[in-house]
Structure formats: structure tokens, C-alpha cells
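1. Quick check, what structure comes out for this input:
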Amino acid sequence: MFSALYLALLLVLAALMARGVAFEFKGKSEDPRWRRAWMWCMTIGSLLIPLLIGVGLGDLLVGLPINSSHEFTGNFFDLLTPYGLWSGLTLLSLCLFHGATFLKMRTTDQVRERARALAGPLGWVASALVVGFVIWTLTVVGNTDVPGPVQVLAVIAVIFAARLASTDSDGWAFTASAVAIAATVGSIFIELYPNVMISSTNAAYNLTVNNAASGHYALTVMTIVTVILFPIVLIYQGWSFYVFRARVKAPPSQPDPPPPTAVPAAPRA
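-> So this is what the prediction gives:
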């Protein structure tokens with residue numbers, strides 16, 4: 001099904017590994033070059049993940065060259081569709097903005113002020129990209145000129161979050177940016193349904209929820225596993241957020257040493 005996106009998914013996997021390894025290895029040495037190299041691995045990996053996922057999601061809707069056997073017939077550069085790239089940039093900007101609101105909510109002092117300074121511009125950039133994404137999505141779909149409720153929610157949420165980014169309403173800004181991400185990604189799947197991947201070769205070759213679904217037994221097993229494990233994951237994540245609910249505070253700076261006192265000169269005989 002996703003043969004068209006194998007290379008993109010491999011790059012996402014490599015970015016995830018580079019990011020995870022960087023957290024562990026960055027502190028293994030005090031060498032500035034060592035730390036700088038792993039910092040770049042962490043940064044590039046973190047940027048590539050939402051960018052590539054956004055490009056892949058956009059490609060699902062705009063369409064890729066797929067034949068009657070549901071196999072990808074293009075090359076890597078066929079994945080770099082203009083709409084897919086815009087979707088990737090939109091998701092990347094939303095994730096950067098969401099991260100800035102999270103830092104602002106969870107930190108204090110200088111780190112919080114730096115996050116606040118970044119959150120404002122990132123919020124308005126994300127707002128512009130989301131508006132452009134909604135307009136372009138309506139053009140790609142082509143069956144309506146009126147945005148759907150979820151698309152309207154995405155625009156309202158990201159603008160609301162951008163307005164709150166420069167205030168002390170940290171929790172509301174974080175929540176609104178999360179809603180904006182969910183609504184933006186969700187709008188793609190809503191517009192796709194009942195398709196799961198569009199064929200730019202012939203509409204008859206589209207992958208739908210019926211011809212791309214797994215067998216009855218596999219769906220039954222996955223449903224049972226999901227029903228059992230999904231609540232456990234939610235409980236674990238909720239407990240983790242509860243335990244680490246306090247803001248992260250920077251260590252206190254060392255006070256300046258007191259000036260040396262003058263030693264009185266010895267009296268002359």
C-alpha cells in the first residue's frame with residue numbers, strides 16, 4: 001500500500017533514531033565539537049520528522065502515480081509535490097509553535113522568556129501556513145469552495161493560540177496549538193475518505209478503505225489489542241504528566257565571589 005512512501009518512511013525512521021541517540025550521547029563528552037555534532041543531529045532529526053510526515057500526508061490527498069496493482073510507478077522526486085511540500089511546512093511550523101508553547105508552559109525565568117519571544121512569530125507564521133493549507137486543500141479537492149468545520153477549527157485554533165502566545169495564558173495557548181495540529185491533520189483524512197491514497201494515474205486505481213483493509217482476523221486481533229493496551233498507554237502518559245507537572249527551573253547561578261579584603265600593612269618599627 002505505502003510502497004510509494006518507503007524511502008520517506010525510512011528517512012523518518014533514521015531521523016527518529018538520530019534524535020533518540022543524540023539525547024543519550026550528547027552528554028558523554030565535554031568536548032564542544034562532540035556536543036555540537038549531537039546537537040545538530042537532534043535538531044535536524046526533530047525538524048525532518050514533522051516535515052516528512054506532512055509531505056507524506058499531503059501526497060496521499062493530492063495523488064501519486066499508482067497503477068492498477070496499487071504499486072507506485074514514479075520516483076523519489078514525484079513525492080515532492082508542491083501541495084505535499086506545503087503540507088510538510090505547515091505541519092513543521094505547527095510543531096515548532098507547539099513546542100514553543102510547551103516550553104513556555106513548563107519552564108521559568110530566561111528559558112520561558114526565550115520561548116515566549118519565539119512563540120509569537122512562530123504562531124503567526126503557522127497561522128499563515130494553515131490558512132494557505134486550507135485554501136489549497138479546497139482547490140485540490142475541488143468539490144466545494146466552503147471550508148469544512150474541521151478546517152475552520154484549525155484556522156481558529158492556530159490564530160487563537162498565536163494571540164495567546166505572548167500572554168501568560170500558557171495552558172490555553174498549548175491546548176489551542178494542539179487542537180490546531182489535530183484539526184489540520186484530521187482535515188486531510190476527512191477529505192480523503194473513503195479513499196486512503198489517491199492515484200494520479202487513474203481514479204479507478206485509488207486505494208480505498210475497502211480494498212486496502214486487512215483481513216477480518218487481523219482486524220479483530222488489532223481491535224482487541226487496542227482496546228486492552230490503549231487505556232494503559234493513556235494512564236501511563238497521564239501519570240507521567242502528573243509526576244512531572246511542576247515547571248522546570250534552571251539551577252541557581254553561583255553568586256559572585258566577594259572582593260578580596262585589603263590586608264593592613266604591618267607597622268614599621
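2. Tell me where this protein has helices.
-> 6-25, 32-62, 82-106, 109-141, 149-164, 170-192, 216-243 (DSSP state H).
3. Extract the residue ranges of the chain that are flagged as low pLDDT.
-> For the chain, applying pLDDT under 70 flags the ranges 1-4, 250-269.
4. what sits against the residue positioned nearest the centre of it?
-> Using Cα atoms, centre = their mean, the residue of the chain that lies closest to the mean C-alpha position is Cys95, 3.8 Å off. Going by Cβ atoms under 8 Å, 6 or more residues apart in numbering, Cys95 touches Pro50, Ile181. For every residue, glycine as well, the C-beta is placed using N, CA and C.
5. Single out the most deeply packed of the helices of the chain.
-> helix 82-106 (a mean of 22; mean count of other Cβ atoms under 10 Å).
6. Next, the angle from that one to helix 170-192.
-> Going by axes from the mean of the first three to the mean of the last three Cα atoms, to 10 degrees, helix 82-106 is angled at 160 degrees with respect to helix 170-192.
7. so what's Trp86 up against?
-> Trp86 touches Gly58, Leu129, Gly132, Phe133, Trp136, counting by Cβ under 8 Å, 6+ apart.
8. hmm, back to that, the residue nearest to the centre of the chain and Val140, how far apart?
-> Going from Cys95 to Val140 by Cβ to Cβ, to the nearest Å gives 22 Å.
9. How about Arg106?
-> Using Cβ to Cβ, we find Arg106 at a distance of 37 Å from Val140.
10. now Tyr83
-> Separation of Tyr83 from Val140 (Cβ to Cβ) stands at 6 Å.
11. Same check on Leu51?
-> 19 Å.
12. repeat for Tyr193
-> 15 Å.
13. Check Leu57 too.
-> 12 Å.
14. do the same with Ile53
-> When Ile53 is compared with Val140 (using Cβ to Cβ), they lie 18 Å apart.
15. Kindly report the same for Asp59.
-> From Asp59 to Val140 the distance is 11 Å (Cβ to Cβ).
16. between these two, what contacts are shared?
-> Taking Cβ under 8 Å, 6+ apart as the criterion, Asp59 and Val140 both touch Tyr83.
17. domain assignment for this structure?
-> 3-213, 216-247 (automatic domain parsing).
18. list the contacts for Ala119?
-> Phe97, Ala100, Thr101, Lys104, Ala165, Ser166, Ala173.
19. and with 10 Å instead?
-> Applying Cβ atoms under 10 Å, 6 or more residues apart in numbering to Ala119 gives the contacts 96-104, 161-162, 164-166, 170, 173-174, 177.
20. before we move on, what about Asn143?
-> Asn143 touches Glu191, counting by Cβ under 10 Å, 6+ apart.
21. Check Trp40 too.
-> Here Trp40 is in contact with Ala18, Ala22 (criterion: Cβ under 10 Å, 6+ apart).
22. what's the spacing between the residue lying closest to Leu96 once chain neighbours are set aside and Ala157?
-> Closest residue to Leu96 apart from its sequence neighbours, by Cβ to Cβ, 6 or more residues apart in numbering: Leu122 at 5.3 Å. Applying Cβ to Cβ, the value for Leu122 to Ala157 is 15 Å.
23. now Leu79
-> With distances taken as Cβ to Cβ, Leu79 is found 29 Å from Ala157.
24. what do you get for Gly84?
-> Distance of Gly84 to Ala157, given as Cβ to Cβ: 23 Å.
25. Quick check: Ile159 touching Ala173?
-> No - in this structure, Ile159 is not within contact of Ala173 by Cβ atoms under 10 Å, at 11.6 Å.
26. joint contacts of those two?
-> Common neighbours of Ile159 and Ala173, using Cβ under 10 Å, 6+ apart, are Gly123.
27. Report the contact partners of Leu41.
-> Actually, residue 41 is Cys. It isn't Leu. Ala15, Met17, Ala18, Arg19, Gly20, Val21, Ala22, Phe23, Phe25, Lys26.
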